[in-house]
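Peer 1: Task: produce atomic coordinates for the following.
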Amino acid sequence: MVDALFPALLGEQWHALASPVRRMHGDGPRVRATGQADVAGTTHLPARLLRRLLGLPEPGPAQAIEVLIERHPSHEAWTRRFARGQMRSRLARSGCGGRLHERLGPVTLYFELRRADDAIDWKLRGGRLLGLPLPRAWFGSVRSRCSAQAGRYTFDIDARLPLVGRLVAYRGWLEPVDD
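Peer 2: Model (predicted):
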């Protein structure tokens, strides 16, 4: 039996979330969903190189997106296929204070999950590069929310770094697809 990551981290708050959010982040062994995303980001060379290093999507409007979430005993493996790039990450429960950590290539980000009405807000608390802790300020601002609108799962992520600006922002919707 695979422990459900998001219900465990959110505890009693889990039950107040919108149904599409619970379905995407629930306890099934695998979720595949398709939808659409608008992707934005600054286009100067450092931002393009960082996106490539981290496997982040390139900017472009109305991109088709497919998300595959595979749940394992110790983590969740997420693959997000955008029309203009593929993003893979590994999510797990952090040993520090019941936080979520997400690994994107050489970077690990630590989030505190909070319920906001029937949505989940991800609050960035810190990060590491190649396993080494870095000052929180180096990770800039990351706004991340997953919610529901018109019966669909929706997401809104915006990551900005000092000296780089908007590294990537993507927002859109997903609907689970039966395999």
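
Peer 1: mind listing what's buried in the lengthiest helix in the chain?
Peer 2: Among the segments of the chain that qualify as a helix by DSSP state H, the longest is helix 45-54. Buried residues in helix 45-54, counting neighbours by 16 or more other CB atoms under 10 Å, are found at 47-48, 50-51, 54. All C-beta atoms are positioned from the backbone trio N, CA, C, and that covers glycine.

Peer 1: again, but for stretch 157-165
Peer 2: Along stretch 157-165, these residues count as buried under the neighbour rule (16+ other CB under 10 Å): 157-161, 164.

Peer 1: same check, this time on stretch 144-160
Peer 2: Going by 16+ other CB under 10 Å, stretch 144-160 has these buried residues: 144-148, 152-155, 157-160.

Peer 1: returning to what we had before: return the member of the buried residues of helix 45-54 nearest to residue 119.
Peer 2: The shortest separation between residue 119 and any of the buried residues of helix 45-54 is 24.8 Å, and it belongs to residue 54 (by CB to CB).

Peer 1: and residue 9, that one's in a helix?
Peer 2: Yes. Per DSSP: H, G, I helix; E, B strand; the rest coil, residue 9 lies within a helix segment.

Peer 1: Tell me if I'm right that it and residue 101 touch.
Peer 2: No. With contact defined as CB atoms under 8 Å, residue 9 does not reach residue 101; the gap is 10.8 Å.

Peer 1: Between these two, which contacts overlap?
Peer 2: With contacts taken as CB atoms under 8 Å, 6 or more residues apart in numbering, the residues that reach both residue 9 and residue 101 are residue 93.

Peer 1: Out of the buried residues of helix 45-54, which comes closest to residue 83?
Peer 2: Compare each of the buried residues of helix 45-54 with residue 83 using CB to CB and the shortest gap goes to residue 51, at 14.5 Å.

Peer 1: Which residue ranges of this protein form helices?
Peer 2: Counting by DSSP H, residue ranges of the helices within the chain are 5-10, 19-25, 45-54.

Peer 1: returning to what we had before: what is the longest helix of the chain packed up against?
Peer 2: Applying 3 or more CB pairs under 8 Å, 6 or more residues apart in numbering; DSSP states H and E, we find helix 45-54 packed against strand 165-176.
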